[in-house]
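Asker: sequence first, predicted coordinates after that:
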Number of protein chains: 2
Amino acid sequence: MPSTQTAVIVHSGGPTPVLNASLAGIVAECRRHSEIAAVYGARHGNTGLIADDFVDLTVADTDPLAFAPGSAIGSSRRKIEPNECERILANLRRRQVRLLFYTGGNGSMETARLLDRLASDAGYELRVIGIPKTIDNDIVRTDHTPGYASCARFFAHAVRDVGEDNRALPPPIEVVEVLGRNVGWVVAATALARHYEDDPPHLIYLPECGISPDQLCADVERVYRRVGRCLVAVCEGQRDASGGWFGAAIDSAQNARNALPSNMGSVIARIITECTGLRARAERPGLVGRSSAPLASAVDREESWRCGEAGVRAALEGRSGEMVAIERCEGTEYASRMTTVPLELVAGIERKFPLEWIAPARNDVTADFLNWLSPLVGEVKLHPRL
Amino acid sequence: MPSTQTAVIVHSGGPTPVLNASLAGIVAECRRHSEIAAVYGARHGNTGLIADDFVDLTVADTDPLAFAPGSAIGSSRRKIEPNECERILANLRRRQVRLLFYTGGNGSMETARLLDRLASDAGYELRVIGIPKTIDNDIVRTDHTPGYASCARFFAHAVRDVGEDNRALPPPIEVVEVLGRNVGWVVAATALARHYEDDPPHLIYLPECGISPDQLCADVERVYRRVGRCLVAVCEGQRDASGGWFGAAIDSAQNARNALPSNMGSVIARIITECTGLRARAERPGLVGRSSAPLASAVDREESWRCGEAGVRAALEGRSGEMVAIERCEGTEYASRMTTVPLELVAGIERKFPLEWIAPARNDVTADFLNWLSPLVGEVKLHPRL
């Protein structure tokens, strides 16, 4: 390894409210090590990596970024094509980049792994460390992912507050569409809004557990008879009983079968009204849920920062081809420590919501899940009632 | 007037994050006056008034409610039919109700006026005071309405934060659908998200100013060429150039002409993509925007409380058939005082967004508006950038 090195940070995929915190953590840790002479951010992820377009972070004031959503250096969903690999490697060589921090979800960890092997095959000494980041919480071998708890916190508050509005003034059926196409981690977290037995969400559906329109409508009618209203939390990618997108068959006029409706909440609200006669509406906060700074989780922000720091330390210890992971410490007080796992054990593997945390009726989550989740999100305060 | 009296509070129309604050203010002020022996809340507005269904608030712990969205006593959009008037009057007589606080928007003030005349015509001494409440800010003769600034605060933050997400990762065109069917007060407030010249919202449309699809798409393309992205803030009820709902003609397959699309943001996003070829998506926080407790405005909450207190004082001074109004004091520091206006001057009259506060290009608001708005909403902090 040369005596002074350059580090590069790459962001990949959708931002989170705390993605910039991991960037700030990386930069802060780099500054503690005199052998790291420069830190760059790839502008808009792979796009910058390929085009040799970098932001110089070496002396930038990055600490305050920890409180800003989005990505200060830009992200991208652009894939790396095989014929672009040589060019990337040439760019890294020219800048003497020896440390590369690749921030993203399980799909992005495949790219991190590709870059690691690319350098290794070329005999270029490069240490590649994955930094986990996704609101979806769908990476294996980490207790949870930075970004998840903040998004969960937004939607738990949204369900709590819309629930108060709905308790005050019908429509009797209220659907809140939550982020998440393939996994139900975020929609499951809305259960934190619940304090009283009749509090929303009254029904929570997860894509891991497909549901038929008949079952959904029977659930809604049962809750409505008991509580006089019903708030349903669903995510963008709810599945039907056969594993297709919910409503895709019924809604064939507007959405081709197998196409994900862009408004799952509205589709479900319409189906409920058609089947039960009960008036329903849907809210769809969408990207507000993955960007809301005021509702970010303090634990999440701190852990995202620490993942960045830990990544730098791992690289300086000589590790490469690994991802930082969060390990939950034993004990009654919540605490976490950072560790690493080989990229090959996480790349491209989707972590579904565990079936044992889904209630037997398939429309709720268990107390075990909430005990696991609660310290990450922090308190979702009960509103006073008469 | 009898030596001891009963007061009743009625909530009408959509809740706000601070509607309960005016309820708590009424109750708190009632307790300061020994001649008020009891305070009741009509359960679910007119429904409770008609059915003689009341919540006893006389000794309830109402102060903490000021921080809860929704309505602790329930609201309603139910109208009073002519044949129900006698019954209401009989209910009020039986309970010796002499003070009635009717909380709602300009339409609800018509009902307040009806109740005032009903009692007066029957020779029953009843003092009816309207308490303004609406996120729409569409009541005349008050500087602004309780509820408005909190909703404005939510959407300004939503646009700021989604804007950061969008700056980090396209789609190039992002539409945020804001609450408001007939007036543009809330969508106009999203301009508070803007600090830098290229900050969102890049375009703000108001229903007061109909727009053609051609003009909208030309605006979007112009912003996109300059900034490389474009965040459009629209409200539920945007009008086209002929005064119809925007997109209703184009979108005729799904929405009958003259029917308000239930997803204006998505309709606009689709039209933009069809006309410009630029990828667009839409967010629709909907009722989260009128219920979010964490983003409520402190000034709004306090003024809502004070409107309740002022209503009680006005009634005890012998006034009836009047609405509490907020008057902005002269001076550089923001301050307000409460006054009253006759219900006949506000009932059923919709306060549009003033044309002089719409920028000449019809896609933005003026600095004068923001100077007027800013003290109500409080600071919408700038996110740090590199």
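Answerer: Yes, it's here.

Asker: quick one: contacts for the closest residue to A:Asp165 other than its chain neighbours?
Answerer: Closest residue in space to A:Asp165, ignoring its immediate chain neighbours: B:Ser291 at 4.0 Å, by Cβ to Cβ, 6 or more residues apart in numbering or on different chains. Where C-beta positions appear, they are placed from N, C-alpha and C, glycine not excepted. The neighbourhood of B:Ser291, defined by Cβ atoms under 8 Å, 6 or more residues apart in numbering or on different chains, consists of A:Asp161, A:Val162, A:Glu164, A:Asp165, B:Pro15, B:Pro17, B:Pro69, B:Gly70.

Asker: how is chain A divided into domains?
Answerer: Domain ranges of chain A: A:5-147+A:295-345, A:151-293+A:354-377, per automatic domain parsing.

Asker: turn those domains into a markdown table, columns for mean pLDDT.
Answerer: As requested, the domains of chain A are exported to a markdown table (pLDDT from 0 to 100):
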| stretch | mean pLDDT |
| --- | --- |
| domain A:5-147+A:295-345 | 97 |
| domain A:151-293+A:354-377 | 93 |
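
Asker: A:Val186: neighbour count?
Answerer: Using other Cβ atoms under 10 Å in any protein chain shown, A:Val186 has 27 other residues around it.

Asker: do the same with A:Val377
Answerer: By other Cβ under 10 Å, the burial measure for A:Val377, its neighbour count, is 25.

Asker: gap between A:Ala72 and chain B?
Answerer: Computed with Cβ to the nearest Cβ, to the nearest Å, the distance linking A:Ala72 and chain B is 5 Å.

Asker: A:Ala21 is in contact with that residue, correct?
Answerer: No. Under the contact definition of Cβ atoms under 8 Å, A:Ala72 does not touch A:Ala21, with a separation of 10.5 Å.

Asker: who touches both of these two?
Answerer: Residues within reach of A:Ala72 and of A:Ala21 at once, by Cβ under 8 Å, 6+ apart, are A:Leu65.

Asker: returning to that earlier point: who wins for most neighbours among the contacts of B:Ser291?
Answerer: Neighbour count (other Cβ under 10 Å) singles out B:Pro17 as the most crowded of the contacts of B:Ser291, with 33 neighbours.

Asker: in three-state terms, label it for me.
Answerer: Using DSSP: H, G, I helix; E, B strand; the rest coil, the three-state assignment for B:Pro17 comes out as coil.

Asker: what segments of the stretch 201-350 of chain A are strands?
Answerer: When assigned using DSSP state E, counting those that start in this stretch, the strands of the stretch 201-350 of chain A occupy the ranges A:203-204, A:230-235, A:280-283, A:322-328, A:336-342.

Asker: what's the angle between the last one and strand A:322-328?
Answerer: Pointing back at strand A:336-342 there. Using axes from the mean of the first three to the mean of the last three Cα atoms, to 10 degrees, one finds that strand A:336-342 and strand A:322-328 are set 150 degrees apart in direction.

Asker: near chain B, which residues of the stretch 101-250 of chain A show up?
Answerer: If contact is defined as Cβ under 8 Å from any Cβ of the partner chain, the residues of the stretch 101-250 of chain A in contact with chain B are A:His157, A:Ala158, A:Asp161, A:Val162, A:Glu164, A:Asp165, A:Asn166, A:Arg167, A:Ala168, A:Leu169, A:Glu174, A:Val176.

Asker: tell me which of these is nearest to A:Ser374?
Answerer: Nearest to A:Ser374 among those is A:His157, at 14.1 Å by Cβ to Cβ.

Asker: ok so, going back, dump the contacts of B:Ser291 to TSV, plus secondary structure.
Answerer: Supplementary listing: these in TSV, determined by three-state DSSP:
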residue	secondary structure
A:Asp161	helix
A:Val162	helix
A:Glu164	helix
A:Asp165	helix
B:Pro15	coil
B:Pro17	coil
B:Pro69	coil
B:Gly70	coil
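
Asker: need the max-distance pair from the residues you listed.
Answerer: For the contacts of B:Ser291, and using Cβ to Cβ, no pair is farther apart than A:Val162 and B:Pro17, which are 11.4 Å apart.

Asker: hmm, who's touching stretch A:371-382?
Answerer: Contacts to stretch A:371-382, defined as Cβ under 8 Å, 6+ apart, come from residues A:144, A:148-149, A:152-153, A:156-157, A:160, A:188-189, A:192-193, A:195-196, A:297-300, A:334, A:357.

Asker: make CSV from the domains of chain A and add distance to B:Ile139 to it.
Answerer: Written out in CSV, the entries for those read as follows (distance: least, Cβ to Cβ, whole Å):
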stretch, distance to B:Ile139
domain A:5-147+A:295-345, 30
domain A:151-293+A:354-377, 19
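
Asker: how about the helices in chain A?
Answerer: Under the criterion DSSP state H, helices of chain A are mapped to A:19-31, A:46-51, A:85-94, A:106-121, A:148-168, A:185-189, A:213-227, A:264-276, A:298-316, A:367-377.

Asker: can you say which of the ones you listed is nearest to B:Leu343?
Answerer: Checked against Cβ to Cβ, the stretch from those lying closest is helix A:148-168, at 23.7 Å.

Asker: now the angle between helix A:213-227 and the closest one, please.
Answerer: For helix A:148-168 and helix A:213-227, the angle between their directions (the same axes, to 10 degrees) works out to 60 degrees.

Asker: could you check how many residues crowd around the nearest residue in space to A:Gly41 that is not next to it in sequence?
Answerer: If the residues on either side of it in the chain are set aside, A:Gly41 comes closest to A:Ile73, at 3.3 Å by Cβ to Cβ, 6+ apart. Neighbouring residues of A:Ile73 were enumerated by other Cβ under 10 Å; the total is 27.

Asker: farthest pair in the residues of the stretch 101-250 of chain A next to chain B?
Answerer: Taking Cβ to Cβ as the measure, those reach their widest spread between A:His157 and A:Leu169, a distance of 19.3 Å.

Asker: please report how far the residue nearest in space to the middle of chain A lies from chain B.
Answerer: In chain A, the centroid-proximal residue (Cα atoms, centre = their mean) is A:Ile135; its distance is 1.2 Å. The gap separating A:Ile135 from chain B is 11 Å, by Cβ to the nearest Cβ.

Asker: burial of the residue nearest to that residue when sequence neighbours are not counted, as a residue count?
Answerer: When the adjacent residues along the chain are set aside, A:Ile135 lies closest to A:Cys151, with 3.7 Å between them (Cβ to Cβ, 6+ apart). A:Cys151 is surrounded by 31 other residues when neighbours are defined as other Cβ under 10 Å.

Asker: so what's A:Cys151 up against?
Answerer: If you count contacts by Cβ under 8 Å, 6+ apart, then A:Cys151 has A:Thr16, A:Pro17, A:Ile135, A:Leu179, A:Val186, A:Gly289, A:Arg290 around it.

Asker: list the contacts for the fourth one?
Answerer: With contact taken as Cβ under 8 Å, 6+ apart, A:Leu179 is in contact with A:Ile135, A:Asp136, A:Cys151, A:Phe155, A:Val186, A:Cys235, A:Glu236, A:Gly286, A:Leu287, A:Gly289, A:Arg290.

Asker: the first one touches A:Leu19, doesn't it?
Answerer: No. Checked against Cβ under 8 Å, the pair A:Ile135 and A:Leu19 is beyond contact range at 9.7 Å.

Asker: shared neighbours of these two, anything?
Answerer: Listed as contacting both A:Ile135 and A:Leu19 by Cβ under 8 Å, 6+ apart are A:Gly147.

Asker: sounds good, over and out.
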